[in-house]
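Enquirer: Model the following, please.
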Amino acid sequence: MNFSRLLLLTVIVPASLLFAGRTSAEEYLFQHEHVLGTSLELRVHTSSAERAEQAENTALKEIDRLAKILSRHNPASELMQWQSSTRQQSISQDLLTVLTRAEKWRRLTGGAFDIRAGAFVELWKQSAQAQQLPAEEQRRQIAVTLTNSPWNIDASGSIQRNDTLAISLDALGKGYILDAVCRKIQADCPHVTGLVINIGGDLRKLGSASREFAIANPADTSENAAPLMSFSHVGELALATSGGYQRYFEIAGRHYSHIIDPRTGFPAEQIQSASVIAATAMDADAAATAVSVLGTTAGLALIESLDGFECLLLTNNGTVQASSGWPAGNADWQASLIAAEVKSNVSEKSTAGLNVDFTLNRPEGGRYRRPYVAVWLEDEDGFPVKTALLWMQTKQPGPRWHRDLTRWYRNDRFRKLAEDKELIGTISAATRGPGQYQARFDGTDNQGKPLPHGKYTLYIEAAREHGTYQIIRKPVELRADPISKQGLEENAEIGNASFEYIPWATK
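Expert: I've put the predicted structure just below:
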């Protein structure tokens, strides 16, 4: 789980996991970009917008506090200051808790989980730049160092490092922050009756209400892709997903996963995606990374040996394995999972359609509330045949803000008159992180019926609270011939926009 991933992987992996849930009159949705280098989605159940915003502010303040302790990207963080010192010293309880848990997972997995594995990542980065595999001697030296305990802790809590390898808390630090935010909201916001916090695809749920969750499909990283499987859960939950399909090293035309086995120094190659359910997000985060390294047999054995843990594994050959207590989910999830393909080997048939890439431009400053974005297709008569992507807040202040997507909102009302179908709330995708996003039109309309070849207009519309309104229009002729990648006009909200077309089948 990369502390700085796009969210994405993506993801990590993005990530790699989508949140899907039913809303109610008491649910408030807040979405932010550039939180821990990824996106934040916060769903709060409470009695008023004011109380929901109090919970939002509480969450953001706790995230900021812990980022100053755990981040490896801030030279002034406690983690980085501690690493730069050679003497024994006392550290905060937060940092001590995460380091202690990391050492527990290192011992539990026989070294398959190690927060010093970043040394191998740097080695593979250098090798990718040189376009040659890492030197055996360099790899061996790091592997030998990782067989030893990383530090000693005395009775007073002071800690002394045993080596100088860089430490990254990416694989469990974000999970710890999720848990801490939940504790803080429970303590300071007693009016909150339910909560789901999702940071870059890893999440924690509080409250007894039933929720539906979905596992992202590694074979299709578009934001509106159908998930691999979904399941409902009643009660509290922590869920994390890890995988190497979003980020990789490329050497001599071959892709190597960015997830490295600390025991060998080689990329972990058995698992496409590992999703883990646990009582805490920190443990789910660590376990998902560990299982990705251990592989199917050893990974399942580890999960089955731990109380309160379950996992779902998608292997690189497309087979699926689940622990004995993994939620059953929808009836056809196993068939859809088994049919999944490795992203690098996805066939043209599976990616056929109009693929749209774009970036959300970052305003000055740090994090920000995500703008409302709609991506849709209109036919030659101006009828909105397909909405591929809709990012909005479904409650306060959402009911008024989605109207600022003026073109989409006008046409959505027009479409509902013809189709008698409510779209708002049925299309939603958690972003995998700041950076490049993709929406895909697969050749079907909003009702799942095939679209004919012909002339269409692609729209990308964005409206930012206290910001600007922007719209991109692009006429496209979608027939039997492919269209290679073409750029789209950029604006204040949308950058690096482009599209390409792989002909879809018609009947």
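
Enquirer: tally of neighbours for residue 69?
Expert: Counted with other Cβ atoms under 10 Å, residues neighbouring residue 69 total 22. In short, each C-beta sits where N, CA and C put it, glycine included.

Enquirer: oh sorry, the question was meant for residue 292
Expert: Residue 292 is flanked by 31 other residues according to other Cβ under 10 Å.

Enquirer: That one sits in which helix or strand?
Expert: helix 281-294 (DSSP states H and E).

Enquirer: One more: residue 298?
Expert: Per DSSP H and E, residue 298 falls inside helix 296-304.

Enquirer: List the buried residues for that helix?
Expert: Neighbour-count burial for helix 296-304 flags 296, 298-300, 302-303 (criterion: 16 or more other Cβ atoms under 10 Å).

Enquirer: can I get the residues you listed in a markdown table with pLDDT and distance to residue 356?
Expert: Formatted as a markdown table, these follow (pLDDT from 0 to 100; distance: Cβ to Cβ, whole Å):
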| residue | pLDDT | distance to residue 356 |
| --- | --- | --- |
| 296 | 95 | 35 |
| 298 | 97 | 40 |
| 299 | 97 | 36 |
| 300 | 96 | 38 |
| 302 | 97 | 40 |
| 303 | 97 | 38 |
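
Enquirer: quick one, helices of the stretch 1-150 of the chain?
Expert: Assigned by DSSP state H, counting those that start in this stretch, the stretch 1-150 of the chain shows helices spanning 49-70, 78-83, 93-108, 118-130, 136-146.

Enquirer: how close does residue 64 get to residue 198?
Expert: From residue 64 over to residue 198 the distance is 18 Å, taken as Cβ to Cβ, to the nearest Å.

Enquirer: So between those two, which is more surrounded?
Expert: More neighbours surround residue 198 than the other of residue 64 and residue 198, with 25 against 13 (other Cβ under 10 Å).

Enquirer: beta partners for that one?
Expert: Beta-bridge partners for residue 198, by DSSP bridges, are residue 41, residue 203.

Enquirer: Save the buried residues of helix 296-304 as TSV, and put in distance to residue 46 too.
Expert: Shown next, in TSV, are the buried residues of helix 296-304 (distance: Cβ to Cβ, whole Å):
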residue	distance to residue 46
296	42
298	43
299	38
300	39
302	38
303	34
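
Enquirer: ok, of the residues you listed, which one's closest to residue 147?
Expert: Nearest to residue 147 among the buried residues of helix 296-304, counting by Cβ to Cβ, is residue 298 at 17.9 Å.

Enquirer: which residue sits closest to the closest one, ignoring its sequence neighbours?
Expert: residue 112 (7.8 Å; Cβ to Cβ, 6 or more residues apart in numbering).

Enquirer: Can you pull the phi/psi pair for that neighbour?
Expert: Main-chain torsions, residue 112, degrees, to the nearest 10: phi -70, psi -20.

Enquirer: Pretty sure residue 293 is one of the things it touches, is it not?
Expert: Yes - in this structure, residue 112 is within contact of residue 293 by Cβ atoms under 8 Å, at 4.4 Å.

Enquirer: Comparing the two, which shows the higher neighbour count?
Expert: Neighbours per residue, other Cβ under 10 Å: of residue 112 and residue 293, the larger number sits with residue 293, 28 against 24.

Enquirer: and the gap between that one and residue 219?
Expert: Taking Cβ to Cβ as the measure, residue 293 falls 22 Å from residue 219.

Enquirer: now this protein, which segments are flagged as low pLDDT?
Expert: Scanning the chain for pLDDT under 70 picks out the ranges 1-25, 244-246, 329-350, 364-366, 392-403, 412-436, 507.

Enquirer: Can you give the domain ranges for it?
Expert: 1-346, 349-502 (automatic domain parsing).

Enquirer: Out of those domains, which one sits most buried?
Expert: Counting by mean count of other Cβ atoms under 10 Å, domain 1-346 has the highest mean neighbour count of these, with a mean of 20.

Enquirer: can you give me the offset of it from its chain's centre?
Expert: From the chain centre to the centre of domain 1-346 is a distance of 9 Å (Cα atoms, centre = their mean, to the nearest Å).

Enquirer: Format the CA atom coordinates belonging to the helix holding residue 292 as PDB.
Expert: These are the backbone C-alpha positions of helix 281-294, laid out as PDB (Å, rounded to 0.1, in the frame of the first residue of the first chain):
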ATOM      1  CA  ALA A 281      -7.000  -1.000   8.800                       C
ATOM      2  CA  MET A 282      -3.300  -1.200   9.900                       C
ATOM      3  CA  ASP A 283      -3.400  -5.000  10.000                       C
ATOM      4  CA  ALA A 284      -5.500  -5.200   6.800                       C
ATOM      5  CA  ASP A 285      -2.900  -3.000   5.100                       C
ATOM      6  CA  ALA A 286       0.100  -5.000   6.300                       C
ATOM      7  CA  ALA A 287      -1.600  -8.400   5.600                       C
ATOM      8  CA  ALA A 288      -2.500  -7.400   2.000                       C
ATOM      9  CA  THR A 289       1.100  -6.500   1.300                       C
ATOM     10  CA  ALA A 290       2.400  -9.700   3.000                       C
ATOM     11  CA  VAL A 291       0.000 -12.000   1.100                       C
ATOM     12  CA  SER A 292       1.000 -10.400  -2.200                       C
ATOM     13  CA  VAL A 293       4.600 -11.400  -1.400                       C
ATOM     14  CA  LEU A 294       3.800 -14.800   0.000                       C
END
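
Enquirer: Just want the angle from it to helix 296-304.
Expert: Counting by axes from the mean of the first three to the mean of the last three Cα atoms, to 10 degrees, helix 281-294 lies at 160 degrees to helix 296-304.

Enquirer: looking at it, residue 99 is touching residue 160, isn't it?
Expert: No - the pair residue 99 / residue 160 is not scored as a contact, 12.0 Å apart, by Cβ under 8 Å.

Enquirer: list residues touching both of those two?
Expert: Common contacts of residue 99 and residue 160, defined by Cβ atoms under 8 Å, 6 or more residues apart in numbering, comprise residue 151.

Enquirer: SS state for the closest residue to residue 489 other than its chain neighbours?
Expert: Leaving aside its sequence neighbours, residue 489 sits nearest to residue 472 (Cβ to Cβ, 6+ apart; 6.0 Å). Put simply, residue 472 is strand when judged by DSSP: H, G, I helix; E, B strand; the rest coil.

Enquirer: before we move on, what about the one 5 residues further on?
Expert: Recorded secondary structure, residue 477: strand (three-state DSSP).

Enquirer: Once you drop chain neighbours, what's closest to it?
Expert: Closest to residue 477 by Cβ to Cβ, 6+ apart is residue 455, at 5.3 Å.

Enquirer: wait, doesn't the one you found sit right on residue 382?
Expert: No - applying Cβ under 8 Å, one finds residue 455 not in contact with residue 382, separated by 11.2 Å.

Enquirer: Looks to me like residue 186 is in a strand.
Expert: No - using three-state DSSP, the assignment for residue 186 is helix, not a strand.

Enquirer: how about it, what does it touch?
Expert: Contacts of residue 186 by Cβ under 8 Å, 6+ apart are 192, 206.

Enquirer: give me that answer again for 10 Å
Expert: 192, 195, 206 (Cβ atoms under 10 Å, 6 or more residues apart in numbering).

Enquirer: Kindly report the same for residue 379.
Expert: Residues counted as contacts of residue 379 (Cβ under 10 Å, 6+ apart) are 385-386, 445, 451-452, 454-457.

Enquirer: Relative to residue 214, which of these is nearest.
Expert: Each of the contacts of residue 379 was checked against residue 214 using Cβ to Cβ; the closest is residue 386, at 20.3 Å.
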